[in-house]
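> here is a sequence together with a model predicted from it:
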Amino acid sequence: MVLAHKGVPFELIEIDLGNKPDWFLEISLYGKVPDLKVGDAVLCELAIISEYLDEVYPENRLLSEDPLERASQRSLIKYVSNKFVPLFCKLLLAQEEAQEGYKEKLLAHFDYFESLLRDRTWLSGDEFKLTALSFLPWFELLVVLKRYRDFALHASLARLNRWWQACRERPEVEATKSEPDFLVKSYAR
């Protein structure tokens with residue numbers, strides 16, 4: 001999404017996480033996505049890749065030039081990767097008896113994101129920034145939670161639903177979105 005946001009040509013290759021190709025496992029440090037191959041180097045982890053691209057392609061900056069705002073953006077990105085993502089994964093992997101507890105905890109995170117949107121359009125202010133891009137892949141995976149865990153974004157989270165709709169309408173999101181059927185099939189195990 002960062003490359004699309006910046007108008008940089010790229011080749012997007014989707015990886016079926018349940019059936020990872022050998023060539024991918026040979027280059028990927030962790031066997032996880034996303035990875036970015038730049039020459040002989042392979043970068044991993046969404047935040048690292050995104051910050052690298054934001055520095056290399058300074059047009060349409062995704063991190064603020066203001067040090068305090070940039071630190072605040074990084075803090076929210078870290079929150080997503082350290083708090084929200086692990087809980088999302090736990091719910092997906094949980095046995096039935098533990099699912100309700102994880103659903104409640106995930107809803108608390110959604111409430112927090114809803115509160116961030118109280119007086120702003122985007123998670124980090126009035127501009128589409130890296131904070132949105134770090135969160136979007138997990139929102140795209142809500143179809144997986146809906147299918148396998150009967151968990152969806154509640155309609156009562158009006159600001160968060162508006163944010164999600166506004167994100168889906170952005171060209172960089174449209175250009176890189178995964179088909180819901182592909183996602184559901186990839187997480188069938």
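Nice, I can see it. Numbering: from 1, shown residues only.
> where exactly do the strands run in this protein?
35-38, 41-44 (DSSP state E).
> which one of these lies nearest to Ser115?
strand 41-44 (31.2 Å; CB to CB). To be clear about C-beta, it is placed using only N, CA and C from the backbone, and glycine gets the same treatment.
> what would the strands of the chain look like in JSON lines with distance to Ser156 and mean pLDDT?
Output for the strands of the chain, formatted as JSON lines (distance: least, CB to CB, whole Å; pLDDT from 0 to 100):
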{"stretch": "strand 35-38", "distance to Ser156": "37", "mean pLDDT": "87"}
{"stretch": "strand 41-44", "distance to Ser156": "36", "mean pLDDT": "91"}
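> tabulate those (CSV), appending mean neighbour count and distance to Val85.
Below are the strands of the chain laid out as CSV (neighbours: other CB atoms under 10 Å; distance: least, CB to CB, whole Å):
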stretch, mean neighbour count, distance to Val85
strand 35-38, 15, 17
strand 41-44, 14, 14
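> need those in a markdown table with distance to Glu100, can you?
As requested, the strands of the chain are exported to a markdown table (distance: least, CB to CB, whole Å):
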| stretch | distance to Glu100 |
| --- | --- |
| strand 35-38 | 34 |
| strand 41-44 | 33 |
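> closest one to Pro180 among those strands?
Here strand 35-38 is closest among those (CB to CB), at 22.5 Å.
> what residue in this protein is the furthest from its centre?
Glu97 (27.1 Å; CA atoms, centre = their mean).
> could I get the pLDDT score of it?
pLDDT, Glu97: 90.
> kindly report the same for Phe139.
For Phe139, the model assigns a pLDDT of 90.
> let me see the contact set for the most centrally placed residue in the chain.
Nearest to the mean C-alpha position of the chain, counting by CA atoms, centre = their mean, stands Pro137 at 2.9 Å. Contact analysis of Pro137 by CB atoms under 8 Å, 6 or more residues apart in numbering lists 34, 46.
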